[in-house]
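Asks: Based on what follows, work out the 3D shape:
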Amino acid sequence: MKRILVCIDGSPRGPAVLAAATRLAEAHGGRLVLFRSVGLPPDVPQDFWKMTDESLLESLRHAAETYVAEQAKTVPPAVLDRTEVVIGVAWQAICETAKRDDCDLVVVGSHGYAGLDHLLGTTAAKVVNHAPCSVLVVRERPAR
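Replies: Numbering: from 1, shown residues only. As a prediction, the model looks like this:
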């Protein structure tokens, strides 16, 4: 496993996803690409335009880049390849990046909705079905 695309989204699952990917990279001599996709949220605050002169997408990109950079500080330098933030639909951006970078593995977090989405989450399910490589879905452990 040479290159592992680690998809972190700012959710509470992010540290577990990153930890699992880091362990794999260390065990197999791989390198991590910390990745986050930014899309337009369904509910943009009404007063957003009063908060900043930055465009909405640039503001979201900046916040995502800050988050990914903070997460990168927790990764041993020997396994960190780089960080990347892409504006787009999450599952498509993940799959396109995995293909472009010839990744050996994509690591994503699970989510919880209904049906197949209950098992994987909408983004994770689409990545599993469309990624050009293997996908590891990191599930949250239930509270004991």
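Asks: what ranges do the helices span in the chain?
Replies: Using DSSP state H, the helices of the chain run over residues 14-28, 48-51, 56-72, 90-100, 115-120, 122-130.
Asks: Between those helices, which one is closest to Val108.
Replies: Proximity to Val108 (C-beta to C-beta) singles out helix 122-130 among the helices of the chain, at 4.8 Å. Every C-beta, even on glycine, is put in place using the N, C-alpha and C of the backbone.
Asks: Please name every helix or strand in contact with that closest one.
Replies: Under the contact criterion of 3 or more C-beta pairs under 8 Å, 6 or more residues apart in numbering; DSSP states H and E, helix 122-130 touches helix 90-100, strand 105-109, helix 115-120, strand 134-138.
Asks: for Arg36, which residues make a bridge with it?
Replies: Under DSSP bridges, the beta-bridge partners of Arg36 are Val85.
Asks: Retrieve the pLDDT associated with it.
Replies: Turning to Arg36, the model gives it a pLDDT of 95.
Asks: Repeat that for Ile87.
Replies: The model's pLDDT for Ile87 equals 88.
Asks: Arg139 too?
Replies: 86.
Asks: Asp81 is nearest to which of the helices of the chain?
Replies: With C-beta to C-beta as the yardstick, what comes closest out of the helices of the chain is helix 14-28 (9.1 Å).
Asks: Any buried residues in the closest one, and which?
Replies: 14, 16-18, 20-22, 24-25 (16 or more other C-beta atoms under 10 Å).
Asks: want to throw the helices of the chain into CSV with distance to Gly109 and mean pLDDT?
Replies: Formatted as CSV, the helices of the chain follow (distance: least, C-beta to C-beta, whole Å; pLDDT from 0 to 100):
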stretch, distance to Gly109, mean pLDDT
helix 14-28, 4, 95
helix 48-51, 27, 57
helix 56-72, 13, 90
helix 90-100, 11, 96
helix 115-120, 10, 46
helix 122-130, 7, 91
